[in-house]
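Chemist: This is the structure alone, sequence omitted:
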């Protein structure tokens, strides 16, 4: 994973695989009657403040198991494993959530220099939808290359992905995100909670320069994290920005003709359904000048208007376009060079 022709071939295969991903699995769940029922429950949770409290910072700390995987002259690769402290005791609206025990364990693969220099940049990398296998994460984010450039890299596994996917649920069922707006909101809060806990753990190991790099769904989670917390730098590649807008695109895809869309199913309704975790609803805690967004010129999965929304709301974030589609981040071209130069630039 430190480079070479073999890695290049694997990366090209991953890029082709990412280009073929579709979101059709979500479309059957976007039924108006079901969404209206969810919406009634959602309004009640909003009124009580229960959803907002899920995103409040707490002081939870973890005692992570640290297992050495590989050793290098300048450091090593470690597997971190810790029990998540989410959801809090106050969340009793979805008792099944805490019962999905595989999802309550967080896994991180850490590429770490041995000097523990607090000025060294530590990149927390957040994968996309259906990813999570650390072999795939390593191909997508190329941690060995960033390690060789002087960075530490922490590859996370998002809730319901990788080793966190419950054994009792079909591999074809979309768990996160899904057409259930409440479960999606809770899982978003869970993802941010675990990232915050991880950041505190890394700081306890001497990491003082925490940055974030997210891809697709991982970019959405990262956008939400940097809207809440101040990070050193943040890079978002082929980002999902508005889940409501994407849901509307799926509705239109399902019905083919806009005249066939049920009355009451609208973009504004879907935006409101998924607004509780919408990253752009607030000004970012991370300075906009420290945020880079990389879009794929030929991305047919995430529409260009997703990035247009971000440019409108966070106008000082830097936006660049790279050759390729949704697989652009997995190619060592414009995308990698833009990310590398931005992350390695001194603060």
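Modeler: Right, received. Where do you want to start? All values reported here derive from a predicted model rather than from experimental measurement.

Chemist: With residue 32 as the reference, measure out to the spatially closest residue to residue 255 that is not a sequence neighbour.
Modeler: Excluding the flanking residues, the one nearest residue 255 by CB to CB, 6 or more residues apart in numbering is residue 261, at 5.0 Å. The C-beta positions use only the backbone N, C-alpha and C, and glycine is treated the same way. Computed as CB to CB, to the nearest Å, the residue 261 to residue 32 distance reads 9 Å.

Chemist: what do you get for residue 265?
Modeler: Distance from residue 265 to residue 32, by CB to CB: 5 Å.

Chemist: more neighbours, these two?
Modeler: More crowded of residue 265 and residue 32, by other CB atoms under 10 Å: residue 265, with 18 against 14.

Chemist: looking at it, the more buried one is touching residue 33, isn't it?
Modeler: No - using CB atoms under 8 Å, residue 265 is not in contact with residue 33; the gap is 10.3 Å.

Chemist: Return the per-residue confidence for the residue nearest to residue 255.
Modeler: Residue 261 carries a pLDDT value of 86.

Chemist: Quick one: neighbours of it, just the number.
Modeler: 16.

Chemist: Also residue 121?
Modeler: So residue 121, with other CB under 10 Å, has 23 neighbours.

Chemist: which residues does it form a beta bridge with?
Modeler: When bridges are called by DSSP bridges, residue 121 pairs up with residue 209.

Chemist: thinking it is in contact with residue 151, fair?
Modeler: Yes - applying CB under 8 Å, one finds residue 121 in contact with residue 151, separated by 4.8 Å.

Chemist: list residues touching both of these two?
Modeler: Common neighbours of residue 121 and residue 151 (criterion: CB atoms under 8 Å, 6 or more residues apart in numbering): 343-344.

Chemist: just to revisit the earlier point, which residues touch the residue nearest to residue 255?
Modeler: Going by CB under 8 Å, 6+ apart, residue 261 touches 251-252, 255.

Chemist: so what's the backbone phi/psi at it?
Modeler: Per-residue torsions, residue 261: phi -70, psi 130 (degrees, to the nearest 10).

Chemist: can you start the count at 21 instead of 1 from here on
Modeler: Right, with 21 as the first residue, what we last looked at is residue 281.

Chemist: how far away is it from residue 273?
Modeler: Residue 281 is 11 Å from residue 273, where distance means CB to CB.

Chemist: ok, now residue 229?
Modeler: Taking CB to CB as the measure, residue 229 falls 42 Å from residue 273.

Chemist: Please identify which of the two sits among more neighbours.
Modeler: residue 229 (19 against 14).

Chemist: Would you agree that one is in contact with residue 143?
Modeler: No - using CB under 8 Å, residue 229 makes no contact with residue 143, being 9.5 Å away.

Chemist: buried ones in stretch 63-82?
Modeler: 65, 70-71, 74-75, 82 (16 or more other CB atoms under 10 Å).

Chemist: can you put those in CSV and add distance to residue 306, pLDDT and secondary structure?
Modeler: Putting the buried residues of stretch 63-82 into CSV (distance: CB to CB, whole Å; pLDDT from 0 to 100; DSSP: H, G, I helix; E, B strand; the rest coil) gives the following:
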residue, distance to residue 306, pLDDT, secondary structure
65, 27, 93, helix
70, 26, 91, helix
71, 22, 92, helix
74, 20, 91, helix
75, 15, 93, coil
82, 23, 81, coil
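
Chemist: Quick check: of these, which lies closest to residue 313?
Modeler: Using CB to CB, residue 75 comes nearest to residue 313 of those, at 22.3 Å.

Chemist: Could you list every helix and strand in contact with the one helix or strand residue 130 maps to?
Modeler: Using DSSP states H and E, residue 130 sits within strand 125-133. Applying 3 or more CB pairs under 8 Å, 6 or more residues apart in numbering; DSSP states H and E, we find strand 125-133 packed against strand 95-103, helix 154-161, helix 163-168, strand 172-176, helix 201-224.

Chemist: what about the second one, average pLDDT?
Modeler: Throughout helix 154-161, pLDDT has a mean value of 87.

Chemist: Only the buried residues of it, if you could.
Modeler: Across helix 154-161, burial judged by 16+ other CB under 10 Å covers 154, 156-161.

Chemist: and if you look at the third one?
Modeler: Applying a neighbour-count criterion of 16+ other CB under 10 Å, one finds 163-167 buried in helix 163-168.

Chemist: One more: the fourth one?
Modeler: When neighbours are counted by 16+ other CB under 10 Å, the buried residues of strand 172-176 are found to be 172-176.

Chemist: Let me see the ranges of the strands in this structure.
Modeler: Per DSSP state E, the chain carries strands over the ranges 85-92, 95-103, 125-133, 141-146, 172-176, 229-235, 254-257, 311-316, 338-342.
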